[in-house]
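Peer 1: based on what follows, work out the 3D shape:
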Amino acid sequence: MAFLTIALWIRSYWRMDATWKAWQALTEVASYRGAIHYYYGPSLLSPENYWRSGSFEIQKSGNEFLAMPPTLGPLRATCRLIVPDGIILLVICVIAAAPWIKWRFSLRTLLIAITPAAGVLLFSTR
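Peer 2: Numbering: from 1, shown residues only. Got it, this is the predicted structure:
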C-alpha cells in the first residue's frame, strides 16, 4: 500500500487526476503537484448534473494558471483547500495505529475530551 501511495504521489507532478461537477457552481477534487486540491466556486464549464472525472497532463510553465487543467482557471474561488499528500498519509497511519494503543478511559478522560468539543460548538454558534 505504501508503494502505491508513493507512486501516485510522484505521478501527481506530471499528471493531474480530477473529479468535478459543474451544476450551480463548480465542485472539484483533484490530485495535483503532490497535494489534494478541493475547489468550490464559479465555473467556466457548462452546467451538468452529474460527476465527471479525467486525467490531464501538466504543462511546464512559470505561470501557475497555465499549468492548471481546464476545470481550474484563474477564477475567484468561494472555497479552495489544498492539503499535502504527506498530511493525508500521516492521518491514515495514525488511524491505522490507534487500535494497538492501550487506552485507559475514565470519567476524567471523558470530561477532558468533551470540554474542547463543547467550546468549539459554543464558539461556532455565536
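Peer 1: show me what contacts the residue at minimal distance from the centre of the chain?
Peer 2: Among the residues of the chain, the smallest C-alpha distance to the mean C-alpha position (CA atoms, centre = their mean) belongs to I36, namely 4.3 Å. Residues touching I36, when contacts are defined by CB atoms under 8 Å, 6 or more residues apart in numbering, comprise 29-30, 82-83, 85, 88. C-beta: built from backbone N, CA, C; applies to glycine.
Peer 1: and those residues, which is closest to A118?
Peer 2: If you rank those by distance to A118 using CB to CB, V83 comes first, at 26.8 Å.
Peer 1: so what's the nearest residue to that closest one once chain neighbours are set aside bridging to?
Peer 2: Excluding its sequence neighbours, the residue lying closest to V83 (CB to CB, 6 or more residues apart in numbering) is I36, at 4.9 Å. Beta-bridge partners recorded for I36 (DSSP bridges): S31, V83.
Peer 1: what subset of the contacts of I36 is buried?
Peer 2: Listed as buried from these are 29-30, 85; burial here means 16 or more other CB atoms under 10 Å.
Peer 1: may I have the helix or strand hosting V29 exported as PDB, CA atoms only?
Peer 2: Secondary-structure assignment from DSSP states H and E places V29 in strand 26-32. What follows is strand 26-32, C-alpha atoms only, in PDB (Å, rounded to 0.1, in the frame of the first residue of the first chain):
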ATOM      1  CA  LEU A  26     -18.100  24.100  -9.800                       C
ATOM      2  CA  THR A  27     -17.100  21.500  -7.100                       C
ATOM      3  CA  GLU A  28     -13.800  19.700  -7.800                       C
ATOM      4  CA  VAL A  29     -11.400  17.400  -6.000                       C
ATOM      5  CA  ALA A  30      -8.000  16.900  -7.700                       C
ATOM      6  CA  SER A  31      -4.600  15.300  -7.100                       C
ATOM      7  CA  TYR A  32      -2.200  17.800  -8.400                       C
END
